[in-house]
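1. Task: produce atomic coordinates for the following.
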Amino acid sequence: MTVLRSRGALVVFLAIYAAALLVLLPAKPLWVDEIIDLGGVRNTDFRGVLNFVPQNAGGVPAGYLTDFAMIRWFGYSVFLVRLPSVFFGVLACAGVWIAARQAGLSSPLLAALLYAASPLVLRYNLEARPYAAAACASIFATVVFVSLVRRPSFAKAAGYASLIAVGLYTQPYSIFIPVAHLGWLVWTKNRSALLSAGTAVAAAGLAFLPWFVQTHAAWQAMLDSGTRFAVHARDLAVIPHELTGTGYAGFALTMVTVVVALTFSPLKASDKLFWTLCAAMPLILVPAADAYFGYFLAARQMIFALAPISILMAAAADIRRWGFVLPAALLIAMAYEDARWIQRPGEGWESAASQLGPAISAPGSCAVFVPSGARTMYVYFEPQIRACDDAALATAPTVALAINPGQPAADIAAARGKIESSGFRKESDVRTADPRIEVYRREPR
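-> Numbers count the residues shown, from 1 in each chain. Prediction:
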């Protein structure tokens, strides 16, 4: 269809998509990861941000510095700190369109639509997290790589290296896309392009090396001091269930569409291999890296695979007569899941903090948290909230018990037992929704 190839249609789509994201931007309350990230940059200076970043295993500075800059330049609001993700998310859709045109697809806008509608992409286009920016850098690195292979130049090689470096400083797992690029060049025996692209990847790696040398010990210490995660076979189920955001059935339909495109579409054989490698490398190397470093596996770490998957799905539309059916069905399924996600309530940390604060407003009152580190979630919104230590439990008139979702019953029972053994009895449930809040008063002697 001509409309799915025109630049005018792309501009209209990007404008509508940007407007929709801006409307949705403040709809969801901040969730755990956003609160942790923003808590480290909201009330500090530039040096404080750089000191905070290594405290997160695998932490790199670009996303944190973006949040810091938005707060420093424009002031703090949920809308403003999430705004860069909208910008990079919309720009990434344009990058997918360009990449699809480079591949020779007759309907490049369909690839951009499929990418934009992906529930994982939509979510991170609306959050104060670095994944939209990292995905955008990865997509444009691919665009520049394809142009570099076709018509090599120093400027393109420099741009390619710069985009890879930006990706590394935004989310290190973005490196797996350039790994796919180099693998494709090796497979196709393109030595001249391999030299220029390989040099660019090496230069980007050297640019990232100072940060890695400075912080890798802190990253490892964070992992060693906390829970080390082992990636088991059952954990790999997160990939088909969450990557496309449409569950196992939607993932199966996605794979069918990709296989159909690889088998029947007029896409060049070398291009089929290229996009397959770009899709496969993050899906293979992310779990391997998580297993090696002892980090937990999450679908968002593989967001870089969604652009090549979207392009392969859109390639199915080039099969005559019936090819458009499969990507159209997936587009409808993803839009349905997007609507469901938008309607679901988000995490209630701000609401819980607004209830916990007044519950322990009396002088000397404090709160017990399950788990103990959960105080971070509350003090972000109510800085005056105090955690109970043994001395406070001996004198406090009121104690609140704040319970995170999904905590083991034994941990909750132990916290209640400690409060009751200190002379308190339960007075009320201030909040029954997750996170839960119970209030205890000291029994008169």
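
2. On the three-state scheme, residue 444 is what?
-> Counting by DSSP: H, G, I helix; E, B strand; the rest coil, the backbone at residue 444 sits in coil.

3. Output stretch 272-281 in CSV with nothing but the alpha carbons.
-> C-alpha atoms of stretch 272-281 as CSV (Å, rounded to 0.1, in the frame of the first residue of the first chain):
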residue,chain,number,x,y,z
LYS,A,272,16.7,-12.2,6.1
LEU,A,273,19.9,-13.4,7.8
PHE,A,274,20.7,-9.9,9.0
TRP,A,275,17.4,-9.2,10.7
THR,A,276,17.3,-12.7,12.1
LEU,A,277,20.6,-12.3,13.8
CYS,A,278,19.6,-8.8,15.1
ALA,A,279,16.5,-10.4,16.7
ALA,A,280,18.2,-13.5,18.0
MET,A,281,21.4,-12.1,19.5
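
4. ok, then the element right after the host helix or strand of residue 141?
-> Following DSSP states H and E, one finds residue 141 within helix 131-150. Helices and strands here follow DSSP H and E; after helix 131-150, the next one along the chain is helix 154-170.

5. Not counting that following helix itself, show me its contacts.
-> With contacts defined as C-beta atoms under 8 Å, 6 or more residues apart in numbering, helix 154-170 is touched by 60-63, 130, 133-134, 137-138, 140-141, 144-145, 147-148, 174-175, 177-178, 196-197, 199-201, 203-205, 207-208, 211. Just so you know, the C-beta spots here come from the backbone N, C-alpha and C atoms, and that holds for glycine as well.

6. Just the buried residues of the residues you listed.
-> 60-63, 130, 133-134, 137-138, 140-141, 144-145, 147-148, 174-175, 177-178, 196-197, 200-201, 203-205, 207-208, 211 (16 or more other C-beta atoms under 10 Å).

7. which residues of this structure score low on pLDDT?
-> For the chain, applying pLDDT under 70 flags the ranges 1-3, 222-230, 445.

8. In space, what's closest to residue 393 - neighbours in sequence excluded?
-> Closest residue to residue 393 apart from its sequence neighbours, by C-beta to C-beta, 6 or more residues apart in numbering: residue 422 at 4.4 Å.

9. What count of nearby residues applies to the one you found?
-> Using other C-beta atoms under 10 Å, residue 422 is surrounded by 18 other residues.

10. Same check on the one 4 residues further on?
-> Counted with other C-beta under 10 Å, the neighbours of residue 426 add up to 14.

11. In three-state terms, label it for me.
-> At residue 426 the chain is in strand, as set by three-state DSSP.

12. wait, it sits on residue 438?
-> Yes. Between residue 426 and residue 438 there is a contact at 6.0 Å, judged by C-beta atoms under 8 Å.

13. any residues in contact with both of those two?
-> Common neighbours of residue 426 and residue 438 (criterion: C-beta under 8 Å, 6+ apart): residue 416.

14. so who does the residue nearest to residue 393 touch?
-> Applying C-beta under 8 Å, 6+ apart, the residues near residue 422 are 393, 394, 399.

15. Give me the buried subset of these.
-> Among the contacts of residue 422, those classed as buried by 16+ other C-beta under 10 Å are 393, 399.

16. Can you flag which of the contacts of residue 422 belong to strands?
-> With DSSP state E as the criterion, strands contain residue 399 from among these.

17. Which residues are in contact with the closest residue in space to residue 107 that isn't next to it in sequence?
-> Nearest residue to residue 107, sequence neighbours excluded (C-beta to C-beta, 6+ apart): residue 4, at 3.8 Å. Contact analysis of residue 4 by C-beta under 8 Å, 6+ apart lists 106, 107, 108, 109, 110.

18. Among these, which one has the most neighbours?
-> residue 110 (27 neighbours).

19. Might one say that that one is in contact with residue 316?
-> No. Judged on C-beta under 8 Å, residue 110 makes no contact with residue 316 at a distance of 9.3 Å.

20. shared neighbours, the two?
-> Residues touching both residue 110 and residue 316 (C-beta under 8 Å, 6+ apart): residue 327.

21. Which strands or helices does whichever helix or strand residue 342 is part of pack on?
-> Assessed by DSSP H and E, residue 342 sits inside helix 325-343. Secondary-structure packing of helix 325-343 (3 or more C-beta pairs under 8 Å, 6 or more residues apart in numbering; DSSP states H and E): helix 108-117, helix 119-124, helix 247-264, helix 306-315.

22. what is the orientation angle of it with helix 247-264?
-> 150 degrees (axes from the mean of the first three to the mean of the last three C-alpha atoms, to 10 degrees).

23. angle of the longest helix along the chain against helix 131-150?
-> Secondary structure of the chain per DSSP state H: the longest helix is helix 191-225. For helix 191-225 against helix 131-150, the angle by the same axes, to 10 degrees is 160 degrees.

24. C-terminal to helix 191-225, what's the next element?
-> Sequence-wise, the next helix or strand downstream of helix 191-225 (DSSP H and E) is helix 238-242.

25. And for that following helix, what's in contact with it?
-> 120, 247, 248, 251, 252, 283, 287, 297, 298, 299, 302.

26. if we go to 6 Å?
-> Residues from elsewhere that reach helix 238-242 (C-beta atoms under 6 Å, 6 or more residues apart in numbering): 247, 248, 251, 297, 299.

27. Most widely separated two among the residues you listed?
-> Pairwise distances across the contacts of helix 238-242 (C-beta to C-beta) peak at 17.6 Å, for the pair 247 and 297.

28. since we're on residue 113, how many residues are nearby?
-> 24.

29. Residue 256 and residue 23, how far apart?
-> Taking C-beta to C-beta, to the nearest Å as the measure, residue 256 falls 34 Å from residue 23.

30. The two: which is more packed in?
-> More crowded of residue 256 and residue 23, by other C-beta under 10 Å: residue 256, with 13 against 9.

31. out of everything not next to it in sequence, what's closest to that one?
-> Using C-beta to C-beta, 6+ apart and skipping the chain neighbours, the partner closest in space to residue 256 is residue 326 (6.9 Å).

32. quick one: that neighbour and residue 255 touch, right?
-> No. Using C-beta atoms under 6 Å, residue 326 is not in contact with residue 255, being 10.7 Å away.

33. more neighbours, these two?
-> Comparing residue 326 with residue 255 by other C-beta under 10 Å, the one with more neighbours is residue 326, at 20 against 14.
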